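**Student:** model this:
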Amino acid sequence: MRRAQGLAGSHRLALLAPPSPLHHRQFENCRISTFHHRHLLEQAQTLRARVYLKDGAIEKRRLTRDGRLVHLHDEHSWHLLIISGSGKVAGCARYSPQKYHVPFSSLLSVIASRIRVAASGSANER
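**Tutor:** Presented below is the predicted three-dimensional model:
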């Protein structure tokens, strides 16, 4: 984790890589800890749940018993976290690599089709 210029106070950034023995070879200053990774990911999921609930984007029934919003892509995604001076996750962004190349120009039609399916209620949650 490195301190990032522009972040207030003693906040720092942490990049959580998906499980792979290859990722740590591509970065300097890595900390490899399954426990620490799980702990930070759970904090990010709790933060996501709190924000989405407050925004009205989800209902409480979507949360785990301990109040996290777990997404099926979480375990295979990269997470960029803002860590506060007290060690708590204060912000997060998730990047989920895709197997198939989708040109940027096609993204709107892909999003629109998913919205239509979700609105119809005919698809299982992904």
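**Student:** which residues of the protein fall in helices?
**Tutor:** With helices called from DSSP state H, the chain shows them at 34-55, 107-120.
**Student:** give me the mean pLDDT for the first one.
**Tutor:** When you say that, I think you mean helix 34-55. Mean pLDDT, helix 34-55: 94.
**Student:** for the shortest one, same thing?
**Tutor:** Within the predicted structure, the mean pLDDT of helix 107-120 is 62.
**Student:** for the residue sitting nearest the centre point of the chain, which non-adjacent residue is closest in space?
**Tutor:** The centroid of the chain falls nearest to Arg94 when counting by C-alpha atoms, centre = their mean (3.3 Å). Distances taken as C-beta to C-beta, 6 or more residues apart in numbering put Ser77 closest to Arg94, at 4.9 Å, once the chain neighbours are dropped. The C-beta positions use only the backbone N, C-alpha and C, and glycine is treated the same way.
**Student:** pretty sure the one you found sits against Tyr95.
**Tutor:** Yes. The pair Ser77 / Tyr95 is scored as a contact, 6.1 Å apart, by C-beta atoms under 8 Å.
**Student:** the two: which is more packed in?
**Tutor:** Neighbour count, other C-beta atoms under 10 Å: between Ser77 and Tyr95, Ser77 has more, with 17 against 11.
**Student:** who are the contact partners of that one?
**Tutor:** Pro18, Arg94, Tyr95, Ser96, Pro97 (C-beta atoms under 8 Å, 6 or more residues apart in numbering).
**Student:** now those in TSV, with distance to Ser33 and pLDDT?
**Tutor:** As requested, these are arranged in TSV below (distance: C-beta to C-beta, whole Å; pLDDT from 0 to 100):
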residue	distance to Ser33	pLDDT
Pro18	15	86
Arg94	20	91
Tyr95	21	90
Ser96	22	84
Pro97	22	80
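**Student:** wait, doesn't Leu69 sit right on Leu47?
**Tutor:** No. With contact defined as C-beta under 8 Å, Leu69 does not count as touching Leu47 (9.0 Å).
**Student:** report the set of residues contacting both of those two.
**Tutor:** Common neighbours of Leu69 and Leu47 (C-beta under 8 Å, 6+ apart) do not exist.
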